[in-house]
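Asker: Return a 3D structure for these sequence lines:
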Amino acid sequence: MANQLFFGDNLDVLRESIRDESVDLIYLDPPFNSNATYNVLFDSPKGHESTAQIEAFEDTWHWGPQAEKEFTELVGQPNTQVTEVMRALRGFLGENDMMAYLTMMANRLLELHRVLKPTGSLYLHCDPTASHYLKIVLDAVFGTENFRSEIVWKRTSGHSDADRYGPVHDTIFYYVKTDAAVWNQIYQPYDPAYVAQYYRYEDDDGRRFMSGDLGAAGLQGGGYDYVWKNVRRVWRVPVETMKRLDAENRVFYTRNGVPRMKRYLDESKGMPIQDVWTDVESLRSWHDERMGYPTQKPQQLLERIITASSNPSDVVLDPFCGCGTAVHAAQKLGRQWIGIDITHLAISLIEKRLRDAFPGIEFEVHGTPKDYEGARNLAERDKYQFQWWACSLVNAQPYQGKKKGADAGIDGLIFFQDDKSTPKKIVVSVKGGENVGVTMVKDLIATVGRQKAEMGIFVTLAEPTKPMLTEAVAAGYYTTPTGAKFPRIQIHTIADLLSGKARAAYPNLDAGALTFRKAALEQGEDKQSDLFHAAPAKKAKGLGKVAPTARAVPARGRKGRDRG
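Answerer: Okay, the predicted model is just below:
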């Protein structure tokens with residue numbers, strides 16, 4: 001399965017494009033129904049106002065015709081557990097935003113369960129706003145017996161709320177489809193205080209160890225009754241093994257002469273990872289991996305999940321992929337991946353992120369226009385999505401989203417630098433109508449002057465008229481300090497940009513980092529972050545060299561809930 005990005009409603013994409021039992025691991029970080037509207041904040045270079053705010057998604061769903069339609073679908077589908085749960089929740093909650101949220105989530109979770117392999121797992125990332133309701137829905141979809149963990153991730157250091165305890169954590173629910181699910185046990189280094197308390201003994205050569213019980217009291221299956229060095233007990237090991245351990249200097253004797261097993265720190269796998277994660281730091285302003293997306297999660301968080309519940313070449317699916325952290329981590333760890341998002345802005349961000357981090361990467365993009373007809377169709381359906389997508393063709397930041405500002409005619413901004421002075425600006429205007437004229441070019445020229453920009457780019461769906469081209473040429477050239485010349489006003493059609501016939505021309509075109517944050521170049525796939533590491537899973541080839549911090553031990557299809 002090729003790596004794939006889909007633009008569109010994930011419910012439609014799942015139903016139309018993802019086969020039954022074709023996915024190994026699902027991570028989803030859906031909107032939290034927290035009644036917040038999140039914006040993508042693009043950092044403008046120093047000397048320019050931070051005006052590029054694009055509404056990424058509205059973090060709430062409302063009860064209306066769409067919610068009613070999806071609820072009707074829910075009560076008619078074959079999973080009667082889900083039907084009963086959703087009817088009960090509607091009776092309790094009524095027709096409100098929370099019920100709309102749960103209805104739409106339930107429909108998507110049913111589809112996610114369908115596409116998951118029997119060896120697959122699902123991780124749902126949420127917060128306390130709706131986590132208690134979501135767990136009920138998950139229990140109905142997956143079965144209570146397939147719940148494995150409620151992971152608490154401490155995402156921030158502290159809050160000073162006047163009337164409650166500071167909310168500093170998110171919740172991640174971990175479910176499996178069956179007991180055959182992939183599980184690679186991850187180990188972490190022991191806390192220094194734990195080492196000091198329990199590994200408090202040292203051999204003459206400086207090796208630290210803890211003393212382990214050699215007695216068999218309470219051991220299921222009994223033990224071995226004999227006398228060892230004047231101490232009679234029921235021992236865990238036969239006398240032959242006791243002799244060998246003693247000869248290898250692996251027996252520690254207490255002051256009372258009782259033998260105990262030496263358990264060396266340097267031979268320990270570490271602490272099996274628990275369900276409270278305090279060692280993965282939330283992204284801060286100084287972190288290089290920040291892409292400017294408001295709900296971006298740290299890559300280490302996704303690497304941990306992907307390592308624990310998938311193997312190399314497995315397929316990872318993120319149906320709310322945002323700025324693409326899950327697919328980035330999957331690519332890095334040698335997995336195949338599928339990402340779905342409902343905004344062209346997210347898809348274009350992910351495309352750039354992956355190509356920056358993995359030069360030469362190949363993947364398919366579905367749902368975005370590939371030709372003139374596709375572009376025209378998008379322009380007719382949603383002019384804002386069309387504008388955001390068109391801006392991506394010239395590597396521009398979308399400007400102001402759906403807000404009506406004083407600076408009309410600006411749909412995108414590009415920043416560049418051709419000397420050591422303040423970064424310079426290019427204004428982008430996008431037109432999706434069938435009729436364009438010279439007045440639009442004159443307006444762009446005026447906007448460039450008003451914005452104190454160096455250049456302007458006019459992106460049009462329709463073919464420009466001759467007067468438009470003449471007006472653009474009359475605007476002259478922008479000349480760099482080195483003498484390079486670029487047309488001050490450029491007109492490019494969507495068709496030419498898509499075909500590669502045309503390309504926006506401006507200084508340091510390939511730099512990109514002034515307009516969008518640039519993802520760091522990955523030094524090869526299959527390399528994990530330094531926070532933890534996993535030993536190669538079954539059939540794993542090339543997971544990278546082992547870091548000293550922690551590792552994982554594979555087990556496919558381990559029975560029971562106790563994962564050790």
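
Asker: Only the buried residues of the longest helix seen in the chain, if you could.
Answerer: Taking DSSP state H as the criterion, the chain has its longest helix at helix 97-115. Neighbour-count burial for helix 97-115 flags 98-115 (criterion: 16 or more other Cβ atoms under 10 Å). In short, each C-beta sits where N, CA and C put it, glycine included.

Asker: Ok, stretch 458-470 next?
Answerer: Phe458, Val459, Thr460, Leu461, Ala462, Pro464, Thr465, Met468.

Asker: farthest-separated two in these?
Answerer: The largest distance within the buried residues of stretch 458-470, taken as Cβ to Cβ, falls between Val459 and Thr465 and amounts to 15.4 Å.

Asker: Check the contact between Asp203 and Val251; I expect there is one.
Answerer: No - contact criterion Cβ atoms under 8 Å: Asp203 and Val251 do not qualify, at 11.9 Å.

Asker: between these two, who's got more neighbours?
Answerer: Val251 (19 against 12; other Cβ atoms under 10 Å).

Asker: ok so, going back, shared neighbours, Asp203 and Val251?
Answerer: Counting by Cβ atoms under 8 Å, 6 or more residues apart in numbering, the common neighbours of Asp203 and Val251 are Lys262.

Asker: As a check, name the ranges of all helices in the stretch 301-450 of the chain.
Answerer: In the stretch 301-450 of the chain, the helices defined using DSSP state H, counting those that start in this stretch lie at 325-332, 344-357, 372-381, 383-393, 438-450.

Asker: Between those helices, which one is closest to Val473.
Answerer: Nearest of the helices of the stretch 301-450 of the chain (Cβ to Cβ): helix 438-450, 10.3 Å.

Asker: Now do the helix or strand following that closest one against helix 438-450, angle only.
Answerer: Sequence order places strand 455-460 as the next helix or strand after helix 438-450, per DSSP states H and E. For strand 455-460 against helix 438-450, the angle by axes from the mean of the first three to the mean of the last three Cα atoms, to 10 degrees is 150 degrees.

Asker: residues in contact with strand 455-460?
Answerer: Residues from elsewhere that reach strand 455-460 (Cβ under 8 Å, 6+ apart): 390-391, 393-394, 396, 411, 414, 426-431, 436, 440-441, 444-445, 447-448, 464, 468, 472, 475, 478, 486-494, 497, 504, 506.

Asker: Buried residues, stretch 243-256. List them.
Answerer: Applying 16+ other Cβ under 10 Å to stretch 243-256 flags Leu245, Val251, Phe252 as buried.

Asker: Which residue ranges make up the domains of the chain?
Answerer: Using automatic domain parsing, the domain ranges for the chain come out as 4-188+273-359, 191-267, 372-499.

Asker: Nearest to His366, out of the ones you listed?
Answerer: Here domain 4-188+273-359 is closest among these (Cβ to Cβ), at 4.7 Å.

Asker: tell me how far the ends of the closest one are from each other?
Answerer: 16 Å (Cα to Cα, to the nearest Å).

Asker: so how far is that domain off the chain centroid?
Answerer: Computed by Cα atoms, centre = their mean, to the nearest Å, the separation of domain 4-188+273-359 from the middle of its chain amounts to 8 Å.

Asker: I'd like to know the average pLDDT value across that domain.
Answerer: The average pLDDT within domain 4-188+273-359 is 88.

Asker: May I have the beta-bridge partners of Thr493?
Answerer: Counting by DSSP bridges, Thr493 forms beta bridges with Thr460.

Asker: and it, how many residues sit next to it?
Answerer: 20.

Asker: That one and Met468 touch, don't they?
Answerer: No - counting by Cβ under 8 Å, Thr493 sits too far from Met468 to count as a contact (11.1 Å).

Asker: For the stretch 151-300 of the chain, which segments count as strands?
Answerer: 169-176, 182-188, 201-202, 208-213, 224-228, 231-235, 251-253, 259-264, 271-272, 276-277 (DSSP state E, counting those that start in this stretch).

Asker: same question, the stretch 401-550 of the chain
Answerer: Using DSSP E, counting those that start in this stretch, strands in the stretch 401-550 of the chain cover 412-416, 424-431, 455-460, 477-479, 485-487, 489-493.

Asker: Need those in TSV (columns: mean pLDDT and distance to Lys177).
Answerer: Shown next, in TSV, are the strands of the stretch 401-550 of the chain (pLDDT from 0 to 100; distance: least, Cβ to Cβ, whole Å):
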stretch	mean pLDDT	distance to Lys177
strand 412-416	89	43
strand 424-431	94	44
strand 455-460	97	46
strand 477-479	96	58
strand 485-487	96	55
strand 489-493	97	48
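
Asker: Which of the ones you listed sits closest to Pro167?
Answerer: strand 412-416 (35.2 Å).

Asker: Just list the residues touching Gln336, thanks.
Answerer: Met1, Ala2, Asn3, Ser313, Asp314, Val315, Val316, Ala330.

Asker: most surrounded residue in those?
Answerer: That'd be Ala330 among the contacts of Gln336, by other Cβ under 10 Å, with 28 neighbours.

Asker: just checking, it touches Val316?
Answerer: Yes - assessed by Cβ under 8 Å, Ala330 is found in contact with Val316 at 4.1 Å.

Asker: who touches both of those two?
Answerer: Ile306, Gln336, Trp337.

Asker: show me where the stretch 51-200 of the chain has helices.
Answerer: 65-76, 80-93, 97-115, 131-142, 192-198.

Asker: export these to TSV and tack on distance to Lys262?
Answerer: Formatted as TSV, these follow (distance: least, Cβ to Cβ, whole Å):
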stretch	distance to Lys262
helix 65-76	59
helix 80-93	52
helix 97-115	48
helix 131-142	44
helix 192-198	13
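
Asker: which of these sits most buried?
Answerer: helix 97-115 (a mean of 22; mean count of other Cβ atoms under 10 Å).

Asker: Counting by contacts, list what it packs against.
Answerer: The criterion is 3 or more Cβ pairs under 8 Å, 6 or more residues apart in numbering; DSSP states H and E, and the helices and strands that helix 97-115 contacts are helix 10-17, strand 23-28, helix 65-76, helix 80-93, strand 116-126, helix 131-142.

Asker: other SSEs contacting the fourth one?
Answerer: In this case it means helix 80-93. The contact analysis (3+ Cβ pairs under 8 Å, 6+ apart) places helix 80-93 against helix 65-76, helix 97-115, helix 131-142.

Asker: Which residues outside it are in contact with it?
Answerer: 71, 74-75, 77, 99, 102-103, 106, 110, 133, 136-137, 139-141, 143.
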